[in-house]
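Chemist: Got a predicted model here, sequence first, then my questions.
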Amino acid sequence: MVPMDVERALRDALKGEDEIVWAYLFGSAVRGGAYRDVDVAVMPAPGAFSRLTDLGRLQVRLSAALDREVDLVDLRRASLLLLGPILRERRVLRDRDVRARHCWEAETASRVLDYEPVIGRYSSLRRERLRLRRARGA
C-alpha cells in the first residue's frame, strides 16, 4: 500500500471507533520511506481502553484493515521521547474534538520543548559511551 492508501484505509477503519477521540498516522509511512509496519497513535475517550487488551483488539482490527502490522500508541501513556516525533510527523486520521486536540497538542509540545535539552544531553552521553565501547573493542 502506498501512504495515501494507508491513510484512507485507516480513516475508514477508525470511523466506527467511537471510543477514539483523535488518531494520528506518524512514522515512516508519513515520511515516505520504506516501512514494514504502520505507526498509529490514538487518544481514547475518558474511561475507554482501560485494559491493555482493549488496545490490542483495536490493533488487530487496524492491522486487518491494512493487511500490514500496526504499532499502536496510546497517547495517554506515551513518553515525551516518543511524543515529540509524533507531533512533528502527525497526520490526523480521526478528530472528534478539535478544540481538545489543539489544547492537548499545545500543552504536549510545550512539555516536549521543555524536555528537549535533557533528551539532547542523554543522546550525547549515549553516543559518547557507544564510541568509547567501540574504541575499546567491547
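Modeler: Everything's here; your move.
Chemist: Tell me the buried residues in stretch 47-58?
Modeler: Under the neighbour-count criterion of 16 or more other CB atoms under 10 Å, stretch 47-58 has Ala48, Phe49, Leu55, Leu58 buried. (Glycine included, C-beta is placed from N, CA and C.)
Chemist: same check, this time on stretch 111-120
Modeler: Buried-residue list, stretch 111-120, by 16+ other CB under 10 Å: Val112.
Chemist: which stretch of helix or strand covers the spatially most central residue of the chain?
Modeler: Nearest residue to the geometric centre of the chain (CA atoms, centre = their mean): Ala41, 3.8 Å. In this assignment (DSSP states H and E), Ala41 forms part of strand 37-44.
Chemist: Which strands or helices does the helix or strand bottoming out on mean pLDDT in the chain pack on?
Modeler: None of the helices or strands of the chain scores lower by mean pLDDT, DSSP states H and E than helix 28-31, at a mean of 88. Packing partners of helix 28-31 (3 or more CB pairs under 8 Å, 6 or more residues apart in numbering; DSSP states H and E): helix 3-14, strand 37-44.
Chemist: Which element is encountered next along the chain beyond the strand holding Ala41?
Modeler: Next element after strand 37-44 (DSSP H and E): helix 52-66.
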